[in-house]
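Trainee: Quick one, what's the 3D model for this:
(one chain, ligands or ions: 1)
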Amino acid sequence: MKVLLGVCGSIAAYKSLELARLLQKQGAEVRFLLTKSAQHFVTPLTCQTLSKNEVYEEQFVLTKGIKHLTLSEWSDIFVVAPATANIVGKAACGIGDDLLSTTLLSFTKPVLFVPAMDQGMWDNAIVQKNVMILRGHGFHFLEPSVGVLASGKIGRGRFPSIETILKKIVAVFEGRCSLNNTNFLVTGGRTEEDLDPVRVVTNRSSGLMAAELMRAIYCRNGNVRGIIGEVACTLPEEVEITRVRTANEMSGALSKNFGWCDCLIMAAAVGDYRPKRGSSTKIHDAAYRVDLEKNVDLTKEVTRQKAGRVVVGFSLEDKNQVQRAREKMKSKRLDYVVMNSSSAVGDTRIRASILKPKGKPIVCEEQTKWQLANRILDECLPQLARRKKK
Ligand SMILES: Cc1cc2nc3c(=O)[nH]c(=O)nc-3n(C[C@H](O)[C@H](O)[C@H](O)COP(=O)(O)O)c2cc1C
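Mentor: Model prediction:
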């Protein structure tokens, strides 16, 4: 993949260097295009050294071809990251008064804007209108995330995480951004139940599958909310996430959010059991016996109000996998079951099969959880489209 990386005059410009480095690490070729303002924040020399390519900044200098046209021919995708309010405004109005804005005008392949600015600028009605105009013309956006801004205030406007930008670039490049107007609710991570103030009953789920599902939905333009227990992975900061600990807390958050979603993906490893009695002080008994009782089945509970929603469940089985997964599908009213084994728990890779109510299981050979997340979404798409039509 050949990436033309446009950098504008934002305090986040230095992050574009890391973005370029990681793009190259994934096998992409990168060429930098800097605005005049961007050069107050990063130098052409750093960009050239990192990209091992000429850096483009001036429009009116002698070269073999016309720069804004040859750059457009060379690249597969134009990523403007960070994009300022200024470039968004110029692009929305069709202004070409420097190399970056003129290249945008002549660019015929996908363009992705990754804005970064203060919340006041991002919320500005004119900026939002410009974003809408550009979206309407088929330009892609990765919305800024919420967090600490350059001003020190907390708000929306932050440059998204590099990991999410990389994944968004791939989603745009592969033409997988069609989840607009669809609401996804994803549960993930592990629940834990207290034995005493310091000890818990839990499992080894890392939460990575849910993190990748949320990232994939976000990068493919879906609306996504997460309900997430304990995890051992980085969660996407761009997504609205409710953190929970026990199965009961997850149940509460699920009932609160289920009505909002078109599709629920239950990737959480909810503990089947909890201690019958917890202790409010640390247990010191020489011999200690734990009596467990069953937790409620969250999926069964929530799918009583399923209506037209698509529900995907996970089934981790080491024996009689297909039979048990089919039983789960029926008893929990699932549309899809992602069947996997204990080797996937805590790992970055997964081997799985996707079961539908009819037909043979779709076997997904060992792959990353990011790849499987996208595969699950691809499988759900026709069903979602059918249900939304009704
Ligand atoms: C220190 C500093 C930080 C800035 N950060 C941002 C920013 O994050 N986002 C933004 O839209 N504008 C920011 N600006 C304003 C832009 O640099 C200014 O609008 C400029 O004209 C943008 O030019 P360009 O779009 O051609 O790069 C910042 C300005 C300064 C002085």
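Trainee: for the ligand, what are the nearby residues on the stretch 1-150 of the chain?
Mentor: 8-12, 35, 37-38, 84-87, 116-117, 121 (CB under 6 Å from any ligand atom). C-beta coordinates here come from the backbone N, C-alpha and C atoms, glycine included.
Trainee: can you rerun that using 8 Å?
Mentor: When proximity is defined by CB under 8 Å from any ligand atom, the stretch 1-150 of the chain lies next to the ligand at 7-12, 35-38, 40-41, 82-88, 90, 98, 100-101, 115-118, 121, 150.
Trainee: So among the residues you listed, which ones count as buried?
Mentor: 7-12, 35, 37-38, 41, 82-88, 90, 98, 100-101, 115-118, 121 (16 or more other CB atoms under 10 Å).
Trainee: Give me the subset of these that lies in helices.
Mentor: Counting by DSSP state H, those place 85, 86, 87, 88, 90, 100, 101, 121 in helices.
Trainee: State the pLDDT value of the closest residue to the last one other than its chain neighbours.
Mentor: Nearest residue to residue 121 in three dimensions, chain neighbours excluded: residue 85, at 4.8 Å (CB to CB, 6 or more residues apart in numbering). The score at residue 85 is 97. That number is its pLDDT.
Trainee: Could you list which residues are in contact with the residue of the stretch 101-250 of the chain found nearest the ligand?
Mentor: Proximity of the stretch 101-250 of the chain to the ligand (CB to the nearest ligand atom) peaks at residue 117, 3.5 Å away. Contacts for residue 117 were tallied using CB atoms under 8 Å, 6 or more residues apart in numbering; they are 10, 84, 85, 127, 144, 157.
Trainee: What does the closest residue to residue 244 other than its chain neighbours show for phi and psi?
Mentor: Of all residues not flanking residue 244 in the chain, residue 250 sits nearest, at 4.6 Å (CB to CB, 6+ apart). In terms of degrees, to the nearest 10, the main-chain angles of residue 250 are phi -70, psi -40.
Trainee: tally of neighbours for residue 250?
Mentor: Using other CB atoms under 10 Å, residue 250 has 25 other residues around it.
Trainee: Please verify my assumption that it contacts residue 270.
Mentor: Yes: contact status for residue 250 versus residue 270: in contact at 6.2 Å, counting by CB atoms under 8 Å.
Trainee: and the nearest residue to residue 324 once chain neighbours are set aside, what does it touch?
Mentor: Counting by CB to CB, 6+ apart, the nearest residue to residue 324 once its immediate chain neighbours are dropped is residue 317, at 4.9 Å. The contact partners of residue 317, by CB under 8 Å, 6+ apart, come to 324, 325, 339, 341.
Trainee: how would you label the closest residue to the ligand within the stretch 251-390 of the chain: helix, strand or coil?
Mentor: Closest to the ligand within the stretch 251-390 of the chain is residue 370: 28.6 Å, counting by CB to the nearest ligand atom. Classification of residue 370 using DSSP: H, G, I helix; E, B strand; the rest coil returns helix.
Trainee: Surely it and residue 210 touch.
Mentor: No: in this structure residue 370 lies outside contact range of residue 210 using CB under 8 Å: 11.9 Å.
Trainee: Report back the residue of the chain that's furthest from centre.
Mentor: residue 286 (47.3 Å; CA atoms, centre = their mean).
Trainee: now that residue: how far from residue 275?
Mentor: 18 Å (CB to CB, to the nearest Å).
Trainee: likewise residue 388?
Mentor: 43 Å.
Trainee: The two: who's more crowded?
Mentor: residue 275 (17 against 12).
Trainee: Now do the contacts for the more buried one.
Mentor: 193, 194, 195, 201, 290, 291, 292, 293.
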